[in-house]
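1. Predicted model and sequence follow; I will ask about them next.
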Amino acid sequence: MDGRLQVFSGNGNRQLALDIMNVLEAPLGRALISCWSDGETRVKLDENVRGSDVFAIQTLSHPVNHHLMELLIMIDAIKRASAARVTAVIPYFAYAKQEKKTAGREPISASLIAQLLMTAGVDRVVTLDLHSPAIEGFFQVPVDHLRATPMLATTFRRLGITDLVAVSPDAGGVARAEDFRVRAGASLAIASKKRPSPEEAEVLEVVGDVEGKTAVIVDDMISSGSTMVWCAHKLVERGARQVFAAAVHPILSGDAAEMLETSPIEKLYVTDTLQLADSIHADHRDRIEVLTVAPLLAEAIMRIHKDLSISALFN
């Protein structure tokens, strides 16, 4: 490192930020990021960033709006302190499922988040496995959209499963499941679903041969868990021998962990873009394996800092 690189972190997932800096073999930038007594967000940088290449790491975890404000104010503070460039590293980009209107009189919230980040002064964005790649188009600054799906696929390839089937839980995730299939050496199946409500999903049918095979449901995130659980039951009905699941972002809202515990899913593989909630019981954690994205994000930060290609990380 040439001394110009500085990295700060919000409170969205501070452990991941520390793990990234562990890989970079450098200390995390000193800053006070807390709340005033009235609940307003307080940010104060305790280091000089004038002329520096600064990265602000913040995953938009629960409470989402609070962590979003931390990031916006962090960016503003860094910009006003005369940093040469500010890059927001957002492992989990919240509001990503609100990237289009599904009914009248609805907002496009993901677009609004992009506008807020640019208004705050961000020069570049690094993120992982956006729910919809179209979100990149909401930004007028460069977006490095990294993928953790290859890491999940590599994990399954190492398991040596010879009859593996990658299952997309809906039509929108086919490209992701196909990429997983190629990397893991699996075949492909696709589930169709309907949504009785925005928070519920019901799998109607599975297209593809899963009988007597090991199925892995591949998705970018697991939120309420209803899609994966419905899909797992349908796969068992279709004769799947074993069912696993792989998702990049473990949101696990509500009683998702309990649903997984009573589902046919033997193990859920996720990454640490989000920390598992403390409320998840130890018994439920036994069925969840967490892989770290710290080396991937650390490599991206170094490549951006040194003006090297990022495309190698997409392979």
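-> Arrived safely. Numbers count the residues shown, from 1 in each chain.
2. use CA for all of it now, contacts and neighbours both
-> OK.
3. what sits up against whichever strand or helix holds Phe55?
-> Phe55 belongs to strand 53-57 when assigned by DSSP states H and E. For strand 53-57, contacts defined as CA atoms under 8 Å, 6 or more residues apart in numbering pick out 4-10, 17, 71, 74-75, 78, 83-91, 301, 305.
4. Strand partners (parallel or antiparallel) of that strand?
-> strand 5-9 (parallel), strand 85-90 (parallel) (DSSP bridges).
5. could you redo the ones you listed as TSV and give each row mean pLDDT?
-> Putting those into TSV (pLDDT from 0 to 100) gives the following:
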stretch	mean pLDDT
strand 5-9	98
strand 85-90	98
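6. residues of stretch 74-82 that come out buried?
-> In terms of neighbour count (16 or more other CA atoms under 10 Å), stretch 74-82 has its buried residues at 74-79, 81.
7. Output the below-cut-off pLDDT ranges for the stretch 51-200 of the chain.
-> 194-200 (pLDDT under 70).
8. Among the contacts of strand 53-57, the buried ones, what's the PyMOL command?
-> Selection of buried members from the contacts of strand 53-57 for PyMOL, criterion 16+ other CA under 10 Å:
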select buried, resi 5+6+7+8+9+10+17+71+74+75+78+83+85+86+87+88+89+90+91+301+305
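9. Would you agree Val270 is in contact with Ile288?
-> Yes. Counting by CA atoms under 8 Å, a contact exists between Val270 and Ile288, whose distance comes to 7.3 Å.
10. Between the two, tell me which one has more neighbours.
-> Shown here are Val270 and Ile288; by other CA atoms under 10 Å, Val270 has more neighbours (27 against 21).
11. Three-state assignment for the more buried one, please.
-> strand (DSSP: H, G, I helix; E, B strand; the rest coil).
12. partners of it in the sheet?
-> Val290.
13. per-residue confidence at it?
-> Confidence at Val270, expressed as pLDDT, is 97.
14. For the closest residue to Ser82 other than its chain neighbours, give me the pLDDT.
-> Take Ser82 and drop its neighbours on the chain: the residue closest to it by CA to CA, 6 or more residues apart in numbering is Arg50, 4.7 Å away. Arg50 carries a pLDDT value of 95.
15. count of neighbours near Arg50?
-> 16.
16. With Leu159 instead?
-> 9.
17. repeat for Lys193
-> Lys193 has 18 neighbours, counted by other CA under 10 Å.
18. do Glu106 as well
-> Residues near Glu106, counting by other CA under 10 Å: 10.
19. With Asp46 instead?
-> 10.
20. again with Pro295
-> With other CA under 10 Å as criterion, Pro295 counts 15.
21. which SSE is it in?
-> Applying DSSP H and E, one finds Pro295 within helix 294-305.
22. And Ala94, by the same measure?
-> Here Ala94 is assigned to no helix or strand, by DSSP H and E.
23. tell me the phi and psi of it?
-> phi -70, psi 170 (degrees, to the nearest 10).
24. Could you check what's spatially nearest to it, not counting adjacent residues?
-> Leu60 (5.5 Å).
25. Quick check: buried residues in stretch 16-26?
-> 16-21, 24.
26. now the helices: where do they sit in the stretch 1-150 of the chain?
-> Per DSSP state H, counting those that start in this stretch, the stretch 1-150 of the chain carries helices over the ranges 14-24, 64-80, 109-120, 149-159.
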